[in-house]
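# Got a sequence here, can you build the structure:
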Amino acid sequence: MDATKREGEGAAQKNTAPTEVLATPVSQVREVTSQWVPLLDKLGIRTAADLLFFFPRDYEDLSDRRAIADLEEEKLQTVRGQVVEVDGQSGGFGKSRVGVVVRDDTDSIRAIWFNQPFMRRKFRVGQHVLMSAKPRFQSGRWEMAHPRVSWLDHPEEGAGVDLLPLYPLTEGLKQYQVRRIVTAALEDYAAALEEVFPESLLASLDLESLHAAVRSIHNPASRTELSVARRRFIYQELFILQLALAARRWQQKVGFRAPALPASAQIDARITRLFPFELTSGQREVIQQVADDIASETPMNRLLQGDVGSGKTVVAVYAILTAVSHGYQAALMAPTEILARQHINTLGTLLEKSRVRCRLLAGSVTAKERAEVLQEIKAGEVDVVIGTHAVVQQDVEFSKLGLVVIDEQHKFGVRQRAAIRQGHYSPHYLVMTATPIPRTVSMALFGDLDVSVLRDMPPGRCPVSTYLIEPDHQQKWWDFVREKLREGRQAFVVAPLVDESENFAARSVAESFEQLTNGELEAFRVGLVHGRLHPHEKEQAMLEFRSGKTQVLVSTTVIEVGVDVPNATIMVVDSPERFGLSQLHQLRGRVGRGANPGFCAVLVDEQLSDSARERLNAFASTSDGFELAELDFDLRGPGDLFGTRQHGLPPMRVADLRRDRQILEEARRESQALFAKDPGLSRPEHARLRRQMLKRYGQALELADVG
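Numbering: from 1, shown residues only. Okay, here's the model as predicted:
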C-alpha cells in the first residue's frame with residue numbers, strides 16, 4: 001500500500017466510529033495478502049481488533065546478543081546472521097543430521113539438528129536469522145546444537161530489541177510475517193481502541209492504559225514493561241469475569257421468583273425419620289443452610305462440595321422431600337445413567353412405604369415409556385424425576401417444579417443448569433460435587449453460587465488403605481486380591497483407555513480384562529463395563545456386580561462418580577499416571593463403603609517419571625480430597641475437569657488461574673465492590689465495562705437483560 005492510500009484510510013477512519021474501524025476485515029489490513037486471509041482465519045483472526053489482541057505466546061530473549069567472534073561457551077546467547085550454507089545427511093536406522101552455516105561480519109557458526117530432517121526445508125541460502133543456544137567451539141569453529149531460530153523479514157529486524165515476540169502460528173505463516181501484520185495493525189488501528197476502565201478505576205487499581213498496554217505487550221522494551229502490560233490484560237480478563245458472575249448472582253436474586261418451601265418441625269421430623277442413621281453435625285449444618293434458602297422466594301443457587309462418602313445424597317433427599325411435602329415436583333440430574341439408576345434405587349428404598357412417586361428419564365428408556373413419563377410429569381402425577389441430560393430436553397414439561405438437584409456440577413454447563421426455568425419463574429437449584437474444587441477455581445467458575453462444604457465423614461465409615469505397587473510386588477498384590485475375593489469381597493479394576501492406543505503406554509480396559517480373565521483372576525467371575533457399551537449393557541454389568549454375580553468389575557472411569565457397592569473393598573488402578581489426583585481420589589472412594597475396610601492399589605511402572613511419582617506418593621499419603629484438589633491444581637492447573645469449556649464459559653485468553661491467583665483475588669474483591677455500588681452497571685462511566693461483560697459472557701451466563 002502506498003503512502004497516499006494509507007493517508008486516505010487514516011482520514012476516513014477519523015470520521016468512522018471506533019467499533020467500525022476495529023471491525024475492519026483482516027483482508028483490508030495493510031500488509032495482509034489474499035493468501036494469508038484463510039490462514040489468519042484458522043488462528044481466529046478475522047478483523048483488525050483480532051490482530052491487536054492476538055498476543056504473543058512467548059518472547060525471544062535477545063538481551064545477550066553477540067557477534068559470532070565474541071561468543072562464550074556454555075552460556076545462552078543470541079547471534080544474528082545470514083544463512084550461507086544448508087546441508088543434510090542421512091544415516092542408517094533412520095538417523096539424520098541437518099547443518100546450517102550462518103555468517104555475520106565477524107565469523108561464521110554452524111547450527112546442527114540431529115534426527116530432524118524437516119529442518120532442512122525451513123532454511124535457504126540468503127535468509128536472515130536469529131539463533132539462540134549455548135554454543136561450543138568445536139574443531140576450530142563455533143557450533144550450536146538444536147538452537148531456537150527466528151526467521152527475520154530483513155537484516156535489521158529486532159535490532160535494539162531485547163524481547164522479540166513469538167506468535168502462535170499455523171502452517172503457511174511465519175513469525176516475521178505475523179510480526180509485520182501485527183505491527184501494521186498497531187500503527188493503523190490501535191488509536192481506535194476505547195478504554196474499558198474509567199480513569200478513576202485505572203488509577204485506584206494501578207493499571208496501565210489500554211493504548212500503552214496493547215503496544216507494550218506486542219513490542220516490550222523490557223521484561224518490566226512486559227510485566228506491566230500483561231498485568232493490565234490479566235486483570236481486565238479476570239475483572240470482567242468476576243463482574244459477570246456478580247451480575248448473574250444479582251440477576252438471579254432480583255430477576256426471578258421461586259416457591260417458598262419452608263421446612264416446618266413436622267416436615268423435618270417426617271423426613272429425618274426415613275434415614276436409618278443419625279445425621280452428622282456437618283449434614284445438619286448444610287441441611288439448615290439449604291432449608292433457609294428454599295424457605296425464601298429468592299431462588300436458591302447453592303453448590304454443595306462434599307468429599308467422597310461425606311453424605312451429600314442425604315442433603316439432596318432432604319431438599320427433594322421438602323419440595324414434595326409442599327406439593328411441588330423435584331428433578332435430580334446425574335451425569336451418567338448408571339448414577340441416575342443408583343439414585344432412583346436409593347430413593348426407592350427410602351420411600352418404599354411412602355406415597356412419593358419417582359420416575360426415571362434417561363437415554364435407554366423406550367420411546368413408549370418416555371411418552372408415558374412425559375405425560376405423567378406434565379399432569380403432576382410424578383413427584384420426583386431422576387435422570388440424565390434427558391431431563392432438560394425441550395419436550396419435558398413440569399406441572400409444578402420447585403427444586404432441581406444436579407449431581408456432579410462440573411459435568412453440566414451453566415446453561416443446562418437453567419434450561420428448565422420458565423420466564424421469571426425459577427425452581428431452587430442445589431448443585432453438588434464429590435470432587436472438591438480448589439478455592440481459585442471456585443472463585444473463577446462458581447462465583448454465582450453460594451457454597452456449602454461437607455468435610456466430616458459419617459460414623460462407621462471404614463478407612464481405605466492406599467498402596468503404590470511396584471512391578472516386582474504386583475504378584476504378591478494379586479495374591480492378596482484373590483484372598484479377599486475368596487473371603488467374599490469384590491473388586492474394581494480400572495484402566496484409562498477403552499481401546500489400545502499407539503500414543504499412550506497404557507493398557508486398555510479390553511487388554512486388562514483379557515489378561516486378568518486368562519491370568520491372575522481366571523478362577524473368578526469377572527465383568528466388563530465402559531462408556532461405549534449400550535446403556536442396557538452397562539446397567540446389566542452393574543446389576544450383576546451389585547448382586548455379587550460377578551466378583552470383579554473391570555472398568556474405565558465410568559464408575560468414578562457415585563457408584564455404591566458396599567461389598568466392594570478393593571480398587572486397583574492401572575496406569576495411574578494417566579489420572580489426576582482428584583480422579584484417583586474419586587476412584588478410591590468407590591471402596592470401603594460397607595462394613596469392611598477398603599484397599600486401593602495403584603500399579604506403577606518402573607519408567608514412571610519423578611513428577612508422576614511425586615503426585616502418586618501424595619495420593620497415597622492423604623485421604624483428604626480437599627488437600628488433594630489443591631495439590632493437583634498446583635501441579636497440573638485446572639485441567640479439563642473444571643475447564644471453562646465444561647462450565648460453558650469462553651476460555652481464558654491471557655489469565656492463568658494457577659499463576660494469577662493473587663490477581664484473581666483482587667479482581668474479585670474490586671469487581672464485587674463496584675457492582676455493589678452500581679448494580680446492573682447502569683452509570684455512564686461503567687457503560688463500556690458493561691458492554692465488555694455482555695459481549696464476553698452475556699450469552700454463556702444469560703445476562704442479556706442485566707440492568
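# Residue ranges in this protein under the pLDDT threshold?
Scanning the chain for pLDDT under 70 picks out the ranges 1-16, 91-94, 409-424, 458-460, 499-506, 560-562, 637-649, 704-707.
# What is the longest helix seen in it packed up against?
Looking across the chain with DSSP state H, the single longest helix is helix 223-255. Under the contact definition 3 or more Cβ pairs under 8 Å, 6 or more residues apart in numbering; DSSP states H and E, helix 223-255 sits against helix 210-218, helix 439-445, helix 661-677, helix 687-697. Glycine gets a C-beta too; all of them are placed from N, C-alpha and C.
# What are the boundaries of the helices in the stretch 501-650 of the chain?
Remark: helices assigned in the stretch 501-650 of the chain by DSSP state H, counting those that start in this stretch are 509-517, 535-546, 581-588, 610-621, 625-636, 644-647.
# Run through the strands of the stretch 451-600 of the chain in chain order.
Ranges of strands within the stretch 451-600 of the chain are 464-469, 490-494, 526-529, 552-555, 568-574, 598-603, based on DSSP state E, counting those that start in this stretch.
# Include distance to R284 and mean neighbour count when you put the helices and strands packed on helix 223-255 into CSV, please.
Output for these, formatted as CSV (distance: least, Cβ to Cβ, whole Å; neighbours: other Cβ atoms under 10 Å):
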stretch, distance to R284, mean neighbour count
helix 210-218, 51, 19
helix 439-445, 23, 21
helix 661-677, 30, 17
helix 687-697, 37, 19
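# Mind putting the ones you listed into a markdown table with distance to L401?
Formatted as a markdown table, the helices and strands packed on helix 223-255 follow (distance: least, Cβ to Cβ, whole Å):
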| stretch | distance to L401 |
| --- | --- |
| helix 210-218 | 45 |
| helix 439-445 | 25 |
| helix 661-677 | 30 |
| helix 687-697 | 26 |
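# Tell me which of these lies nearest to G531.
helix 439-445 (24.7 Å; Cβ to Cβ).
# Convert the C-alpha atoms of the closest one to CSV, please.
Output in CSV follows, covering the C-alpha atoms of helix 439-445 (Å, rounded to 0.1, in the frame of the first residue of the first chain):
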residue,chain,number,x,y,z
ARG,A,439,-10.6,-22.2,46.0
THR,A,440,-9.2,-20.4,43.0
VAL,A,441,-11.3,-22.4,40.5
SER,A,442,-14.4,-22.0,42.7
MET,A,443,-13.9,-18.2,42.6
ALA,A,444,-13.3,-18.2,38.9
LEU,A,445,-16.1,-20.5,37.7
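# For A620, which residues are in contact?
Contacts for A620 (Cβ atoms under 8 Å, 6 or more residues apart in numbering) come out as 466-468, 602.
# Pretty sure Q177 is one of the things L152 touches, is it not?
No. The criterion here is Cβ atoms under 8 Å, and L152 misses it with Q177 at 11.1 Å.
# Just the buried residues of the contacts of A620.
Burial by neighbour count, judged by 16 or more other Cβ atoms under 10 Å, picks out 466, 468, 602 from the contacts of A620.
# I'd assumed G589 was in contact with the first one.
No. In terms of Cβ under 8 Å, T466 does not count as a neighbour of G589; the distance is 11.4 Å.
# Which among the helices of the stretch 501-650 of the chain is found nearest to T280?
The nearest among the helices of the stretch 501-650 of the chain, by Cβ to Cβ, is helix 625-636 at 16.3 Å.
# Pull the residues that contact stretch 621-637.
307-308, 434-441, 455, 463-464, 466, 580-582, 585, 588-589, 611, 614-615, 618-619, 639, 656-658.
# May I see the PyMOL selection of the buried members of these?
To isolate the buried ones among those in PyMOL, judged by 16+ other Cβ under 10 Å, type:
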select buried, resi 307+308+434+435+436+437+438+439+440+441+464+466+580+581+582+585+588+589+615+619+657
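# circling back: in the longest helix of the chain, what's buried?
If you call a residue buried by 16+ other Cβ under 10 Å, then helix 223-255 has these buried ones: 225-226, 228-252.
# Can you name every helix or strand that the next helix or strand after it contacts?
On the C-terminal side of helix 223-255, the closest following helix or strand by DSSP states H and E is helix 265-272. If you count contacts as 3+ Cβ pairs under 8 Å, 6+ apart, helix 265-272 packs onto helix 312-325.
# Which helix or strand lies directly C-terminal to the helix it packs on?
Next helix or strand after helix 312-325 toward the C-terminus (DSSP H and E): strand 329-333.
# Check which helices and strands that following strand sits against.
helix 312-325, strand 384-387, strand 401-407.
# What is the burial count for K134?
Other residues near K134 come to 14 when the count uses other Cβ atoms under 10 Å.
# Next, report how far stretch 250-265 is displaced from the centre of its chain.
Remark: stretch 250-265 is offset 31 Å from the chain centroid, using Cα atoms, centre = their mean, to the nearest Å.
# mind checking the end-to-end distance for that stretch?
Counting by Cα to Cα, to the nearest Å, you get 31 Å between the two ends of stretch 250-265.
# quick one: contacts for the nearest residue to V86 once chain neighbours are set aside?
Using Cβ to Cβ, 6 or more residues apart in numbering and skipping residues adjacent in sequence, the residue nearest V86 is F123, 4.7 Å away. Counting by Cβ under 8 Å, 6+ apart, F123 touches 83, 86, 100, 129.
# Doesn't the first one belong to a strand?
Yes. Going by DSSP: H, G, I helix; E, B strand; the rest coil, the assignment for V83 places it inside a strand.
# Could you double-check that it lies in contact with K122?
No. If you go by Cβ under 8 Å, V83 and K122 don't touch, sitting 10.1 Å apart.
# What distance do you get for A362 to T336?
Here the criterion is Cβ to Cβ, to the nearest Å. By it, A362 lies 9 Å from T336.
# That should have said H585, apologies.
In this structure, H585 and T336 are 18 Å apart, going by Cβ to Cβ.
# Next, count neighbours for the spatially closest residue to S90 that is not a sequence neighbour.
Sequence neighbours aside, S96 is the residue nearest to S90 in space, at 4.8 Å (criterion: Cβ to Cβ, 6+ apart). Neighbours of S96 under the rule other Cβ under 10 Å: 16.
# and S96, what are its phi and psi?
phi -150, psi 170 (degrees, to the nearest 10).
# Off-centre distance for the one helix or strand I338 maps to?
Secondary structure assignment for I338, by DSSP H and E: helix 337-350. Helix 337-350 sits 29 Å away from the centroid of its parent chain (Cα atoms, centre = their mean).
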